[in-house]
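> pasting the structure only:
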């Protein structure tokens, strides 16, 4: 009888463990198979900007691959913080599993992001971040590294007394602050030759006009450095139109089909190109892994490469410069 009770107790314990394990497995399985809801709010949707086009495409492809629905909500201008916050509020009201966000302001979205977290919505930052660590994960270029790469290259093109101007994108945004800081570090002692920093609010035409004003204000200017696609391409347009490509060297961050043509024409001497498609893809991939209870990276450096006329047609750089062509072939 005692042996019978003992075996009965053991069987009950085994059944209890098996039942608990089965319930946990079932719960995890349901989490893994459930289609997730994601909302991504980039700084802008702009068909003329290859960086954002590639980043959004990467996010959409990852969502399709990892069984998630993703909606893209974005302002029509990159510096429209008010509109971005309106869209953030709309996203919070829809209560998705996660909001992926590329903040246009270092400070102005913190209150809404806290509200989202209080509602149980997970937050992933892509490309940039805010002053407070509200996010669950971040996928971005190391912008200090990108700026430093550009600065080190720029220093090889300059003499000890050559004047430099910076055309940045949006004042105060983390990407602009860090790229300028890295650029100055890469220049070393030549950073003292920076005569002006202006902001184009991520508008091609404003960048072009600001560059023309810089050229007039500083007739001995030898280099202009753009800090994103809008500022870089706008500056290059102005230098090309003025016939000054042999007098003023242009370097920048980001790439587009127009930027490639401007490099072929000798206007751009160097570009640090972000891996935009990878950034979007990894942002969604790591978010999904987080939501499904799997291990995930909380801080992903998506990387960047220096592109010059000497390496622009190597196989690896071509994939970076022409991501849409690569995807069509695959």
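That came through fine. As the structure is a computational prediction, the values presented were derived from the model and not from experiment.

> helices of the stretch 51-200 of the chain, start to end?
81-94, 110-118, 143-155, 174-187 (DSSP state H, counting those that start in this stretch).

> so which of those gets nearest residue 315?
Residue 315 lies closest, by Cβ to Cβ, to one member of the helices of the stretch 51-200 of the chain: helix 143-155, at 20.4 Å. C-beta: built from backbone N, CA, C; applies to glycine.

> mean confidence for the closest one?
Helix 143-155 carries an average pLDDT of 98.

> other SSEs contacting it?
helix 174-187, strand 221-226, strand 249-253, strand 268-274, strand 304-307 (3 or more Cβ pairs under 8 Å, 6 or more residues apart in numbering; DSSP states H and E).

> give me the residues contacting that helix.
164, 174-175, 178-188, 190-191, 223, 225, 227, 249, 251-253, 270, 272, 274, 301, 304, 306, 308 (Cβ atoms under 8 Å, 6 or more residues apart in numbering).

> show me the contacts for the most centrally placed residue in the chain.
With distances taken as Cα atoms, centre = their mean, the residue of the chain nearest its centroid is residue 127 (2.5 Å). Listed by Cβ under 8 Å, 6+ apart, the contact set of residue 127 reads 42-43, 55, 102, 139-141, 175, 279.

> and what of residue 239?
With contacts defined as Cβ under 8 Å, 6+ apart, residue 239 is in contact with 211, 215, 224, 245, 248, 250, 267.

> please apply the same query to residue 142.
When contacts are counted by Cβ under 8 Å, 6+ apart, residue 142 touches 301, 303-304.

> can you say which of the residues you listed are buried?
Buried subset of the contacts of residue 142 (neighbour count, 16 or more other Cβ atoms under 10 Å): 301, 304.

> wait, which of the contacts of residue 142 is closest to residue 237?
Residue 237 lies nearest to residue 304 out of the contacts of residue 142, by Cβ to Cβ, at 22.9 Å.

> so the closest one sits against residue 276, correct?
No - under the criterion of Cβ atoms under 8 Å, residue 304 makes no contact with residue 276, lying 9.8 Å away.

> please list all residues in contact with residue 242.
212, 215.

> of the contacts of residue 127, closest to residue 94?
Among those, and counting by Cβ to Cβ, the member closest to residue 94 is residue 42, at 16.9 Å.

> quick one: the strands in the protein, in order.
Assigned by DSSP state E, the strands in the chain fall at 36-41, 68-72, 98-101, 122-126, 137-140, 163-168, 194-199, 221-226, 249-253, 268-274, 299-301, 304-307.
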